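Asker: model the following, please.
(2 chains)
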Amino acid sequence: MLITAILILLFGCLLSAFAARRPRIASGVFLTSLISGCLIGILSPFIGTRPEIVELGGGWNIPSARLILSLDGLSAFFLVATLIICLLSGIYGETYTRQSERLAQSVSIRPLFLLLTASLAVVVCAQNAVLFLFAWEAMALSSFFLVIIEDEKKENRFAGLLYFVCMHISALALFFLFSVLGKIAGTLDFGAIRAAMALGDKYPILIFSLAAIGFGLKAGTAPLHIWLQEAHPSAPSHVSAVMSGVVIKMGIYGFLRLIWILRLVPSFWAIFFIGTGLLSGIGGVLLALLQHDLKRLLAYHSVENIGIICLGMGLGCLGISRHNAALALLGFSGALFHVFNHSLFKSLLFLGSGAFYQALGTRNIEAGGGLLKKMPWTSATSLIAAAAISGMPPLNGFISEWLIYMAGLKALAMGETRLAAVSIAGLALIGGLALACFTKAYGALCLGLPRTKKAQEARDPGPGMIIPMFFLAAFCALIGLWPSSLLSFVKTAAMIVSGEPLGRANLALSGFISNAEILGLIGAAVLSLAAAFSFLRSRLISGFSQKGATWACGFTALGPRMQYTASSYVQVLMRPFSSFMGTQEYAHLPRGYWPTESSFKTNTPDPLLDGFLIPAVDAGGRSLSWIKRKRRARLQYSLFWASLFLLALLAWKL
Amino acid sequence: METLIFIPAVLFFLLIMPPLMLGLIAKTKAFVSGRRGPPVFQPLHDILKLLGKGAVYSETSGWIFRLGPVISLSAVLMAASLVPLFGAPLISFNGDAILFIYLLALGRFVTILAALDTGSSFEGMGASREAAFSSYAEPALILIFASLAIHSGSLSLNRMFSSGQRVFPAASVLLAGSGLLIVLLAENSRIPIDDPNTHLELTMIHEVMVLDHSGPDFAFILYGAQLKLMLMGVLWIRLLSPSWAANPFFLTLSLCGLAIFIGAIESSMARLRLIRVPQLLIAAVCLAAFGLILAVR
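Answerer: Below you'll find the model as predicted:
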């Protein structure tokens, strides 16, 4: 089943590449192979007798490489999350591509999307390190080409280059990581390495730091998030949805698979995850608060949510290192649940941002306003996503944050006070700030009066874009109201990661699963009470309802430019943090008795990338410029140095 | 016999007590400033009057504006079902304390969106302040709950705030109690964080967010806010003396006492400058954190 799905996707990739010059055929091939491949892939963990491991015949002439795929609970969990997002984003992307003049000309967008989907499926199912790295590289390259698909813009080329470099540093670290593991175990099959790891771990610090670089760069854990806020805005919206919803989760998958391989992780893993989780979570949301570019804002929120996931993983690792099965299961369940949730609501937000972008012609949220009335469907689905990502109760984001809180409490009760207390307080701070950020973005875009002409004329996109968004919103609500539908799935995956048997997992989690049910019921009760109140209200005011202007303390000519802007909305909140956020203000204030034009603008670059890395790299480049001058001199010199180097190597080997 | 008293008592606490507390606060303030003040049941009367009125909706606003009041009131009511009044709460399970905090956050989320939906800069201003200050108040509340949860071994409000086998250090109660009092004042827009009675919309936080609501919508909002004040008041009283709160009569007395206490605070000091408010709330976070450290030691 799984193999069929992957083959359909790859075949569709080839076929749509050949048919690229004929958009209608390419589009037909794209949709057929995407829908059939993804649906078969999504169903494959559930139907038929499920073989744990599929090995493809035929040789692969690379030492210790084997084509093995498996579908254990962890792989199945990530596979389903991945394919749901790829399927819905792909369907959306088809309409999005056709509506965009620039993207419609692109011949590579469809094959690359299918290749990305197929490589993601292989990454989560691969059971051999070589196959894993092969798929990892295919994923990195196909997403790189998707990021630079609109390569006529300078910032897109820069973002693509940055992404390319980061992904290859990540891949390099992973090459080393699996070489080390292979050296210890004598094989590159994950199952066999895991078996060898039972004998006790060697090189724990080396393995940890390689994984932290390799998987951390992919996941975008601060301070390795530098590529995220550049690459997400550059890619077309449905690709950003997949990248933010799924591709960065591959870093999380890598961490979890590695924990599974290692069986036991030292306690510094927990400290690392909680530390980086707090840094990513709080740093991500603070930077998001200062952004005006919708997709950049969402990219920083991905950093924030990766932080929340890391907090859950940190508590899980704490459970493993302290041999507390209940804490390990609870922490990993929270992290995995949040992985699934975040892939749903974040891709929904990115799809919504694409619709807003096509309507407004800019990603600046200050250019919107009043879209709730102009684009009702996009606004309604985005509202569900915004509420879910802020962790509001009847929706899915709350359930996973609740699980992580419960894990924090468990750790607190165990006596792991410091780590648990900072995770709990950090999570609460992140929650409050995320609420502020999403009310800001949603308020500026969808509420109030339209601020620009484009916003006044905005219309909802066609059903090809609305229906996928509707499905994602429905999943968010469904999981929030009926959490146990996903929790049993999460439990299986958490069991695999923590290496606990089913019986113990049932014992440890059953109480939380039934409590999560109550959370869903209370959420439903809130909604039904609200329905009852609005019925009551309609009875009370029947006939006595009037329309009027917004009350502005007696002032009657309220215009769209007098509304609170997104920058002013966050000003109170950000004042205490202003000293270290590096926000640049460009103020041209009104002067004199008859002030003429005035303006105020803020811009917040990434403190790490723009504030440190780029200047540092520039300075490094300048200081090495004398080498450049030397090198440019003559070809003979280059050949001379190269041969000298080779001779030196030869001498060293002899 | 027990249920015969129980149901009217719960109804009394849910329906009469919240407006009564607000009336008492106003009465206290009037007394201190040498006025007679409105009757203590004036807030209740206001709500009933508003329920009978029609409503004016701004042309700018859409369905979110109508959604705000009903969702926020439902969220506060469901939060009320988790709080132990004088007996056990309606619903209680491990982890309901987190739900309590997030239900209040849900109410805030929809109220903020409804405020922004009017397109008025006053309401935007209020929404901005509410979002800013609550993101400090939330960690403080969570830390207070965490320190209580360590002792009761459960994150359920009923067990955290009940009298059973408490070995809670007095200093810890003091720290958590003062932190909770600051959070209570902040969340319910009382002086020194917010002044609901000023004449200037520019200086208010919560009141300015709901400027455009009228009629039954405004009644829902007022009642929701009063209920929230009472719920947090019950938690505060239960934190200081759980056994005292187990009796409905004593609980009524202490809630009235709390209202008079809040009135006294409001009479004795001015509202802080907005720049100073985060500092006070960060102080609450610190108090809660110290309480947690003490609870663990």
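Asker: I'd like the next helix or strand past the host helix or strand of A:L348.
Answerer: Taking DSSP states H and E as the criterion, A:L348 maps to helix A:325-360. The first helix or strand that comes after helix A:325-360 along the chain, using DSSP H and E, is helix A:371-374.
Asker: average pLDDT for that next one?
Answerer: If you average the pLDDT over helix A:371-374, you get 92.
Asker: equivalent analysis for stretch A:507-523, please.
Answerer: 90.
Asker: hang on, the earlier thing: and the helix holding A:L348 with chain B, contact?
Answerer: No - applying C-beta under 8 Å from any C-beta of the partner chain, one finds helix A:325-360 out of contact with chain B, separated by at least 11.0 Å. Glycine gets a C-beta too; all of them are placed from N, C-alpha and C.
Asker: so how far is that helix from its chain's centroid?
Answerer: Relative to the centre of its chain, helix A:325-360 is centred 7 Å away, using C-alpha atoms, centre = their mean, to the nearest Å.
Asker: equivalent analysis for stretch A:461-480, please.
Answerer: 18 Å.
Asker: residues in contact with A:L649?
Answerer: Going by C-beta atoms under 8 Å, 6 or more residues apart in numbering or on different chains, A:L649 touches no other residue.
Asker: repeat for A:A493
Answerer: A:G73, A:L74, A:A76, A:F77, A:F78, A:F332, A:L336.
Asker: for the strand or helix carrying the fourth one, name the packing helices and strands.
Answerer: Spelled out, it's A:F77. Assigned by DSSP H and E, A:F77 belongs to helix A:73-99. Here helix A:73-99 touches helix A:23-43, helix A:101-104, helix A:109-125, helix A:237-242, helix A:249-262, helix A:325-360, helix A:463-481, helix A:484-498, going by 3 or more C-beta pairs under 8 Å, 6 or more residues apart in numbering or on different chains; DSSP states H and E.
Asker: nearest to B:L240 among those helices would be which one?
Answerer: Across the helices and strands packed on helix A:73-99, B:L240 has its closest neighbour in helix A:325-360 (32.2 Å, C-beta to C-beta).
Asker: and the closest one with helix A:463-481, angle?
Answerer: Inter-element angle recorded for helix A:325-360 and helix A:463-481: 150 degrees (by axes from the mean of the first three to the mean of the last three C-alpha atoms, to 10 degrees).
Asker: residue ranges with poor pLDDT in the stretch 201-350 of chain A?
Answerer: A:201 (pLDDT under 70).
Asker: typed the wrong thing, it's the stretch 1-150 of chain B
Answerer: Residues of the stretch 1-150 of chain B that meet the cut-off, pLDDT under 70, sit at B:1-2.
Asker: which parts of it are strands?
Answerer: For the stretch 1-150 of chain B, the strands defined by DSSP state E, counting those that start in this stretch occupy B:55-58.
Asker: the helix or strand A:I169 falls within: how far from the chain's middle?
Answerer: Element membership for A:I169 (DSSP H and E) is helix A:154-185. Mean C-alpha position of helix A:154-185 versus that of the full chain (C-alpha atoms, centre = their mean) differs by 18 Å.
Asker: can you check stretch B:106-113 too?
Answerer: For stretch B:106-113, the distance to the chain centre is 15 Å (C-alpha atoms, centre = their mean).
Asker: just the CA trace of it, in PDB.
Answerer: Extracted C-alpha coordinates of stretch B:106-113, given in PDB (Å, rounded to 0.1, in the frame of the first residue of the first chain):
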ATOM      1  CA  LEU B 106     -11.300  32.500  25.500                       C
ATOM      2  CA  GLY B 107     -13.600  35.200  26.900                       C
ATOM      3  CA  ARG B 108     -10.800  37.700  26.500                       C
ATOM      4  CA  PHE B 109     -10.000  36.600  23.000                       C
ATOM      5  CA  VAL B 110     -13.500  37.100  21.700                       C
ATOM      6  CA  THR B 111     -14.000  40.400  23.600                       C
ATOM      7  CA  ILE B 112     -10.800  41.700  22.100                       C
ATOM      8  CA  LEU B 113     -11.900  40.700  18.600                       C
END
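Asker: check contacts around A:L10.
Answerer: So A:L10 contacts A:L114, A:L115, A:A118 (C-beta under 8 Å, 6+ apart).
Asker: do you know how far it is from chain B?
Answerer: Distance of A:L10 to chain B, computed by C-beta to the nearest C-beta, to the nearest Å: 44 Å.
Asker: distance of that residue from A:S89?
Answerer: 19 Å (C-beta to C-beta, to the nearest Å).
Asker: then A:I384?
Answerer: Counting by C-beta to C-beta - A:I384 and A:S89 are separated by 17 Å.
Asker: higher neighbour count, the two?
Answerer: Each of A:I384 and A:S89 has its neighbours counted (other C-beta atoms under 10 Å in any protein chain shown); A:S89 has more, 32 against 26.
Asker: point to the residue nearest the middle of chain B.
Answerer: Centroid-nearest residue in chain B: B:L229, 2.9 Å away (criterion: C-alpha atoms, centre = their mean).
Asker: okay, the helices and strands packed on helix A:73-99, which one's buried deepest?
Answerer: helix A:237-242 (a mean of 30; mean count of other C-beta atoms under 10 Å in any protein chain shown).
Asker: residue closest to the middle of chain A?
Answerer: Mean-position check on chain A, C-alpha atoms, centre = their mean. Result A:S244 at 3.0 Å.
Asker: circling back: neighbour-wise, which of the contacts of A:A493 leads?
Answerer: Neighbour max across the contacts of A:A493 (other C-beta under 10 Å) = A:L336, 33 neighbours.
Asker: ok, it touching A:K491?
Answerer: No - applying C-beta atoms under 8 Å, one finds A:L336 not in contact with A:K491, separated by 9.0 Å.
Asker: quick revisit: quick check: the two most widely separated of the contacts of A:A493?
Answerer: Taking C-beta to C-beta as the measure, these span a maximum distance of 15.2 Å, between A:A76 and A:F332.
Asker: show me what the strand or helix carrying A:F535 is packed up against.
Answerer: According to DSSP H and E, A:F535 maps onto helix A:502-540. Secondary-structure packing of helix A:502-540 (3+ C-beta pairs under 8 Å, 6+ apart): helix A:325-360, helix A:396-414, helix A:463-481, helix A:484-498, helix B:63-80, helix B:96-116, helix B:215-240.
Asker: how close does B:R273 sit to chain A?
Answerer: From B:R273 to chain A the distance is 12 Å (C-beta to the nearest C-beta).
Asker: quick one: pLDDT of that residue?
Answerer: pLDDT, B:R273: 85.
Asker: check the one 3 residues further on too.
Answerer: In this prediction, B:R276 carries a pLDDT score of 87.
Asker: next one: phi and psi at it?
Answerer: Backbone torsions for B:R276, taken as degrees, to the nearest 10, come to phi -80, psi -20.
Asker: same thing with A:I541?
Answerer: Taking degrees, to the nearest 10 as the convention, A:I541 sits at phi -100, psi 10.
Asker: number of nearby residues for B:F261?
Answerer: The tally of other residues near B:F261 (other C-beta under 10 Å) stands at 17.
Asker: would you map the helices across the stretch 151-297 of chain B?
Answerer: Taking DSSP state H, counting those that start in this stretch, the helices of the stretch 151-297 of chain B run over residues B:157-160, B:170-187, B:206-209, B:215-240, B:242-245, B:248-268, B:277-296.
Asker: give me the below-cutoff pLDDT ranges for the stretch 351-500 of chain A.
Answerer: Counting by pLDDT under 70, the stretch 351-500 of chain A contains no low-confidence range.
Asker: show me what residue of the stretch 101-250 of chain B gets nearest to chain A.
Answerer: B:G124 (2.4 Å; C-beta to the nearest C-beta).
Asker: what's the neighbour count on A:A367?
Answerer: By other C-beta under 10 Å, 20 other residues sit near A:A367.
Asker: CA-only coordinates of whichever strand or helix holds A:F273 in CSV, if you can.
Answerer: Following DSSP H and E, one finds A:F273 within helix A:267-289. Output of helix A:267-289 as CSV, limited to C-alpha atoms (Å, rounded to 0.1, in the frame of the first residue of the first chain):
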residue,chain,number,x,y,z
SER,A,267,19.2,14.1,31.3
PHE,A,268,21.0,16.9,29.5
TRP,A,269,18.7,16.2,26.5
ALA,A,270,15.8,17.3,28.7
ILE,A,271,17.6,20.4,29.7
PHE,A,272,18.5,21.2,26.1
PHE,A,273,14.9,20.7,24.9
ILE,A,274,13.3,22.7,27.6
GLY,A,275,15.9,25.5,27.2
THR,A,276,15.6,25.7,23.4
GLY,A,277,11.8,25.3,23.8
LEU,A,278,11.6,28.4,26.0
LEU,A,279,14.0,30.3,23.8
SER,A,280,12.1,29.4,20.6
GLY,A,281,8.7,29.8,22.2
ILE,A,282,9.2,33.2,23.8
GLY,A,283,11.6,34.6,21.3
GLY,A,284,9.5,33.4,18.4
VAL,A,285,6.3,34.9,19.6
LEU,A,286,7.9,38.2,20.6
LEU,A,287,9.4,38.6,17.1
ALA,A,288,6.1,37.6,15.6
LEU,A,289,4.4,40.4,17.5
